[in-house]
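Novice: sequence unknown, structure follows:
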């Protein structure tokens, strides 16, 4: 049976269908969890699989097979699986998996190295100007990320957004098109095509046109007379993680 058929049966009260759905998609959950494995050293791989499965179940509860222009189930579920895993990695899982380990790993900056030692961790940090390089750039990238989230939400499909984020390492390790294709059950070339479509949609957005204008004004060129093009992907996705 397909994922969509199993989800429908589960929503109708068939618990066995949920077990089959989980079994059929265990490999996908493991693949997604693997991309986040090691980001938080205190969270074990099994924890990530557990919360990923929670995300899969949440998706099964909410998926609407009758929705117009709906995504297939695994595309829809990917968002929920990843959200739960990211939350767990950040120590904020909705089910609190690994939270105690995460919180216990935190160290106060003013905690002394030893009981009889006056020097604390804060004293070992570099000068602010060196330890927190280019604060303005960090704030700029933070705002840029928020802008991109909004633009992608308005201009791209769920699958297009997730492929962009996976390929550019938005919340996890950068993913190859081979990996992305295996997640969304498409070929490597198809995954590249989907990304290209998504980037083209963003390039054609009003937001990016305004970004172009800002850029060209900053280098004292006339926007309408300049043939040079900004490499969108490298300029707006690199380091925005």
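Specialist: Structure's in. What do you need? Source: prediction; values computed, not measured.

Novice: Now residue 185: closest residue in space, sequence neighbours ignored.
Specialist: The shortest distance from residue 185 to any non-neighbouring residue, by Cβ to Cβ, 6 or more residues apart in numbering, is to residue 74 (6.6 Å). In short, each C-beta sits where N, CA and C put it, glycine included.

Novice: got it, and residue 4?
Specialist: Residue 4 sits nearest to residue 73 (Cβ to Cβ, 6+ apart), 5.2 Å away.

Novice: show me the contacts for the one you found.
Specialist: Listed by Cβ atoms under 8 Å, 6 or more residues apart in numbering, the contact set of residue 73 reads 3, 4, 7, 59, 60, 63.

Novice: thinking residue 168 is in contact with residue 174, fair?
Specialist: Yes. Look at residue 168 against residue 174 with Cβ atoms under 8 Å: they come within range, at 6.6 Å.

Novice: okay, those two: which has more neighbours?
Specialist: Each of residue 168 and residue 174 has its neighbours counted (other Cβ atoms under 10 Å); residue 168 has more, 20 against 12.

Novice: From residue 198, how far off is the more buried one?
Specialist: If you measure residue 168 against residue 198 using Cβ to Cβ, to the nearest Å, the figure is 11 Å.

Novice: Let me see the domain layout of the chain.
Specialist: Recorded structural domains for the chain (assignment: automatic domain parsing) are 3-104, 128-236.

Novice: Pick the most deeply packed of those.
Specialist: Using mean count of other Cβ atoms under 10 Å, the stretch among the domains of the chain with the largest mean neighbour count is domain 3-104, at a mean of 18.

Novice: what does the average pLDDT come to for that domain?
Specialist: Per-residue pLDDT over domain 3-104 has a mean of 84.

Novice: ditto for stretch 163-182
Specialist: Per-region confidence: stretch 163-182 scores 86 on mean pLDDT.

Novice: Do me a favour and get the end-to-end distance for that stretch?
Specialist: 12 Å (Cα to Cα, to the nearest Å).

Novice: And the contacts of stretch 12-25?
Specialist: Residues from elsewhere that reach stretch 12-25 (Cβ under 8 Å, 6+ apart): 1, 3, 6, 7, 9, 10, 53, 56, 57, 60, 74, 77.

Novice: Adding distance to residue 147 and secondary structure as columns, could you present those in JSON lines?
Specialist: Shown next, in JSON lines, are those (distance: Cβ to Cβ, whole Å; DSSP: H, G, I helix; E, B strand; the rest coil):
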{"residue": "1", "distance to residue 147": "42", "secondary structure": "coil"}
{"residue": "3", "distance to residue 147": "34", "secondary structure": "helix"}
{"residue": "6", "distance to residue 147": "38", "secondary structure": "helix"}
{"residue": "7", "distance to residue 147": "34", "secondary structure": "helix"}
{"residue": "9", "distance to residue 147": "41", "secondary structure": "helix"}
{"residue": "10", "distance to residue 147": "38", "secondary structure": "helix"}
{"residue": "53", "distance to residue 147": "33", "secondary structure": "helix"}
{"residue": "56", "distance to residue 147": "30", "secondary structure": "helix"}
{"residue": "57", "distance to residue 147": "33", "secondary structure": "helix"}
{"residue": "60", "distance to residue 147": "33", "secondary structure": "helix"}
{"residue": "74", "distance to residue 147": "29", "secondary structure": "helix"}
{"residue": "77", "distance to residue 147": "27", "secondary structure": "helix"}
